[in-house]
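Asker: Below is the sequence, then the predicted model.
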Amino acid sequence: MISKALILLPFAYLLGSVPWGVILTRIFGDVDVRAAGSKNIGAHNVFRVAGKRLGLMTLVGDLLKGAIPVLVGISWLGVSDWKGEALVCLLALLTFAGHLFPVFLGFKGGKGVATAAGCFLVMSPLVFLVCVLVYVLILCCWGYSSAGSLSASAILPGAIWVGTHSIPMTVCAFIMALAIFVRHADNIKRLLEGTEHPSLRS
């Protein structure tokens, strides 16, 4: 198991580092997503500055780069005990860290919401669905994608604990949720001040 983990851990980080928002807007668009809108490389900013098609493609890419290492880890390493769960969670965290601190962009990455979602889509599809529903509900009621992301992240650790009773997965969820909140510090400030850009009324 250790030898397999040594192969999968760098793979997870490198895959997480792939900046789909930058790649897709360079190939199919005429804008540098890092210099437009919120200057974030994630799907929401790509959607805003480069259109729905590239935004959706970026979302799928970021979801997949979260899901693939976890799926490979579960299939190859197994999760028969807490050690297996811990290794899979480590893969998820490295993938997530790759998105936040991508080696290909000088360690300046995105906020990690879609990549985290991809990880938990595999680890607990039911919890993933609950978080998506929370995101959609908040977005539809208040019109702010950032508020939806923060709300879904806030319930993630508790939902994972209720859904799996796994300590490694719950710790993993807590770390990701905390990092997402830190990455959304500016959004939180704007939400409190009432100056956040409404996602559904752009």
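Answerer: Done, it's in. Numbers count the residues shown, from 1 in each chain.
Asker: drop to CA atoms for contacts and neighbour counts, all remaining ones
Answerer: Fine.
Asker: hey, where'd the strands end up in the chain?
Answerer: In the chain, no segments count as strands under DSSP state E.
Asker: helices or strands up against the lengthiest helix in the chain?
Answerer: For the chain, the longest helix by residue count, based on DSSP state H, is helix 52-77. Here helix 52-77 is seen to pack against helix 2-16, helix 20-28, helix 43-50, helix 82-100, helix 113-123 when contacts are counted using 3 or more C-alpha pairs under 8 Å, 6 or more residues apart in numbering; DSSP states H and E.
Asker: mind showing which ranges of this protein have poor pLDDT?
Answerer: Applying pLDDT under 70 to the chain flags residues 1-2, 200-202.
Asker: on that earlier part again, okay if I get the helices and strands packed on helix 52-77 as CSV plus distance to residue 129 and mean neighbour count?
Answerer: Shown next, in CSV, are the helices and strands packed on helix 52-77 (distance: least, C-alpha to C-alpha, whole Å; neighbours: other C-alpha atoms under 10 Å):
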stretch, distance to residue 129, mean neighbour count
helix 2-16, 22, 17
helix 20-28, 23, 18
helix 43-50, 19, 23
helix 82-100, 18, 25
helix 113-123, 8, 26
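Asker: Dump those to CSV, plus distance to residue 178.
Answerer: Output for the helices and strands packed on helix 52-77, formatted as CSV (distance: least, C-alpha to C-alpha, whole Å):
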stretch, distance to residue 178
helix 2-16, 18
helix 20-28, 23
helix 43-50, 20
helix 82-100, 12
helix 113-123, 11
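Asker: Could you point out which of those sits nearest residue 140?
Answerer: Closest approach to residue 140 among those (C-alpha to C-alpha): helix 43-50, 15.1 Å.
Asker: Output that closest one as CSV, restricted to C-alpha atoms.
Answerer: Extracted in CSV, the C-alpha atoms of helix 43-50 (Å, rounded to 0.1, in the frame of the first residue of the first chain):
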residue,chain,number,x,y,z
ALA,A,43,-15.6,28.1,-13.0
HIS,A,44,-17.7,31.0,-11.7
ASN,A,45,-15.3,33.7,-12.9
VAL,A,46,-14.8,31.9,-16.2
PHE,A,47,-18.6,31.8,-16.6
ARG,A,48,-18.7,35.6,-15.9
VAL,A,49,-15.9,36.7,-18.2
ALA,A,50,-15.8,34.0,-20.9
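Asker: Which other helices and strands does that helix contact?
Answerer: helix 20-28, helix 52-77.
Asker: ok, 10 Å please
Answerer: The contact analysis (3 or more C-alpha pairs under 10 Å, 6 or more residues apart in numbering; DSSP states H and E) places helix 43-50 against helix 20-28, helix 52-77, helix 113-123.
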